[in-house]
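S.K.: what's the 3D shape of this:
(one chain, ligands or ions: 1)
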Amino acid sequence: MKILFLSLFICITSLLFAQPKIEFNAQKSNNGITLFATNQEYCPVSVKMKLNINNLVSDKGNEFIIVVPAKTSNYFLVDLKKDNPLNSYSYAYDVASTFGDVTLTNYDTNLAYNLPYQKNEEYKVQQGYFGKYTHQNDRALDFEMPIGTMVSAARSGIIITQIEHNTKHCANSSCLGYNNYIEILHSDGTIANYSHLKYKSCKFKLGDFVKAGDVIAESGETGYTSGPHLHFLVYLPSFDHKKTIATLFKINDGKEFSLLEEKQFYLRNY
Ligand SMILES: [Zn+2]
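M.R.: The predicted model follows:
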């Protein structure tokens with residue numbers, strides 16, 4: 001029973017991810033209103049907008065999705081033109097937003113990722129894709145490693161989220177909000193998540209470009225977890241549950257590529 005308990009790593013869910021910093025504004029025109037968005041993030045932000053309009057006609061329908069480029073001010077969203085110019089009008093909208101481009105469907109499927117730790121180190125995948133403890137719905141990997149292990153980028157990209165102020169952990173949902181994590185946007189639009197990182201251990205700044213193999217943080221056990229480990233996954237942006245994807249890794253001397261399997265040890269000797 002004890003072994004079973006120790007191996008039961010509980011991880012975060014997508015519910016926890018930070019919300020993008022995006023603002024909306026409206027400008028009046030002679031014949032209606034135009035809506036714009038300002039995206040302060042280092043990655044594109046997808047916006048799903050639902051309009052509730054009165055005596056206005058939208059050029060995009062009443063429900064639409066727009067991808068607002070990174071670091072862009074006053075990006076055009078929609079024109080709302082008066083239907084009957086003599087009458088008054090009103091408008092309201094609901095928005096959902098998420099990091100990345102939700103329209104993405106093609107991504108690099110043959111690229112081999114680096115194991116997310118330093119050369120000459122070897123760790124065990126404690127829980128693998130669709131693992132029965134907490135990965136039932138995800139292609140996620142839990143690398144069992146002591147607190148303070150150097151975590152390196154599995155693939156090059158831009159750091160788009162970095163949370164490192166948390167200190168707490170526990171094995172129940174009351175600790176969901178205490179996860180320290182980094183997210184990296186790759187050149188194909190996929191995003192990697194590195195979770196349960198050690199307090200104040202991040203080595204780069206938000207918006208920095210990191211190369212595969214760069215040490216980005218130290219592993220820890222923050223958040224909803226029952227033991228020290230690195231939780232790693234790659235996903236396609238989505239408004240709903242993240243669409244996690246399978247990724248090949250370079251193993252041993254780096255010339256072999258493999259999907260990683262639960263309970264196996266993987267050496268990074270490259
Ligand atoms: Zn996990």
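
S.K.: report the contact partners of K168.
M.R.: Taking Cβ atoms under 8 Å, 6 or more residues apart in numbering as the contact definition, K168 lies against 175, 178, 222-223. Any C-beta I mention is one placed from the backbone N, CA and C, and that applies to glycine too.

S.K.: how about 7 Å then?
M.R.: Residues counted as contacts of K168 (Cβ atoms under 7 Å, 6 or more residues apart in numbering) are 175, 178, 222.

S.K.: which of those are buried?
M.R.: Restricting these to buried positions leaves 175, 178, 222, with burial counted as 16 or more other Cβ atoms under 10 Å.

S.K.: which one of those is nearest to K124?
M.R.: Nearest to K124 among these, counting by Cβ to Cβ, is T222 at 20.3 Å.

S.K.: surely that closest one touches N166?
M.R.: Yes - the pair T222 / N166 is scored as a contact, 4.7 Å apart, by Cβ atoms under 7 Å.

S.K.: quick one: N54 from K243, how far?
M.R.: 36 Å (Cβ to Cβ, to the nearest Å).

S.K.: more neighbours: those two, which one.
M.R.: Counted by other Cβ atoms under 10 Å, N54 and K243 do not tie: K243 has more neighbours, with 16 against 11.

S.K.: leaving out sequence neighbours, find the closest residue to that one.
M.R.: Once flanking residues are discounted, K243 sits nearest to L236: 4.2 Å by Cβ to Cβ, 6 or more residues apart in numbering.

S.K.: that neighbour: how many residues sit nearby?
M.R.: Other residues within reach of L236, judged by other Cβ under 10 Å, total 20.

S.K.: thinking again about what came up before, would you turn the buried ones among the contacts of K168 into TSV with secondary structure and pLDDT?
M.R.: As requested, the buried ones among the contacts of K168 are arranged in TSV below (DSSP: H, G, I helix; E, B strand; the rest coil; pLDDT from 0 to 100):
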residue	secondary structure	pLDDT
C175	helix	91
Y178	helix	94
T222	coil	96
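
S.K.: what's the closest of the residues you listed to G128?
M.R.: Distances from G128 to the buried ones among the contacts of K168, taken by Cβ to Cβ, are shortest for T222, at 21.7 Å.

S.K.: got a list of what that closest one touches?
M.R.: By Cβ under 7 Å, 6+ apart, the residues touching T222 are 166-169, 178-180, 196-197, 199.

S.K.: ok, so of the contacts of K168, who is nearest A212?
M.R.: The closest of the contacts of K168 to A212 turns out to be T222 (Cβ to Cβ; 24.2 Å).

S.K.: which residues in the stretch 151-270 of the chain form strands?
M.R.: 157-163, 169-170, 181-185, 191-195, 209-210, 215-218, 223-224, 229-236, 243-244, 248-251, 256-258, 265-268 (DSSP state E, counting those that start in this stretch).

S.K.: which other residues reach the second one?
M.R.: Defining contact as Cβ under 7 Å, 6+ apart, one finds that strand 169-170 is touched by 175, 178, 221-223, 225.

S.K.: do the fifth one as well
M.R.: Outside of strand 209-210, the residues that reach it under the criterion Cβ under 7 Å, 6+ apart are 153, 156-159, 184, 204, 216.

S.K.: of these - the most surrounded one?
M.R.: Among these, the one with the most neighbours (other Cβ under 10 Å) is I184, at 27 neighbours.
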